[in-house]
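Enquirer: Have a look at this fold, sequence not included:
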């Protein structure tokens, strides 16, 4: 909520005009409207709670391209979806969940009918420059292969 007070144009006494703004940035008439949680929650949609990042998982000659959607209003960031678009058998894979913060945990399931694993789990620990070092595995395993996953610029 924001309020603003204005002085009269002649610089005279304390005639004040208050402006109230709700969390969505719309001007409202009263202070109560500015703090009304119901109104703000009705105007927020699922897209407003997501942003995207591109990641690359590297394991020697193997590189997976990942497009991750996550909620930037949480920490660690809750992964809400995305895709593994290349570098893995039967791509694309649907990212089904996980989190990104000091630790990375990402789960995905295969969407194609190719004779490959059905799921993948990727685990990592944050390091600088911005990347994750860890392991991944298929069909319930998470420590089969080592990787470094970096943010794509």
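Expert: It's in. This one's a predicted model, so the numbers in the text were calculated from it and none came from an experiment. Numbers count the residues shown, from 1 in each chain.
Enquirer: all strands of the protein, in order?
Expert: Under the criterion DSSP state E, the chain contains strands at 20-21, 27-28, 51-59, 62-71, 77-86, 93-100, 103-110, 119-127, 131-138, 145-151.
Enquirer: Any stretches of the chain with poor pLDDT?
Expert: Within the chain, the ranges that satisfy pLDDT under 70 run 1-16, 24, 37-48, 153.
Enquirer: how about a cut-off of 50?
Expert: 1-3, 38-40 (pLDDT under 50).
Enquirer: center of it, which residue is that?
Expert: Taking CA atoms, centre = their mean, the centroid of the chain lies closest to residue 70, which sits 1.9 Å from it.
Enquirer: Leaving out sequence neighbours, find the closest residue to that residue.
Expert: Nearest residue to residue 70, sequence neighbours excluded (CB to CB, 6 or more residues apart in numbering): residue 77, at 4.3 Å. Heads up, the C-betas are built off the backbone N, CA and C, glycines and all.
Enquirer: go on, residue 30?
Expert: residue 20 (6.4 Å).
Enquirer: now the strands of the chain in JSON lines, with distance to residue 36?
Expert: Shown next, in JSON lines, are those (distance: least, CB to CB, whole Å):
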{"stretch": "strand 20-21", "distance to residue 36": "11"}
{"stretch": "strand 27-28", "distance to residue 36": "8"}
{"stretch": "strand 51-59", "distance to residue 36": "26"}
{"stretch": "strand 62-71", "distance to residue 36": "23"}
{"stretch": "strand 77-86", "distance to residue 36": "26"}
{"stretch": "strand 93-100", "distance to residue 36": "31"}
{"stretch": "strand 103-110", "distance to residue 36": "36"}
{"stretch": "strand 119-127", "distance to residue 36": "38"}
{"stretch": "strand 131-138", "distance to residue 36": "40"}
{"stretch": "strand 145-151", "distance to residue 36": "38"}
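Enquirer: Alright, I will stop here.
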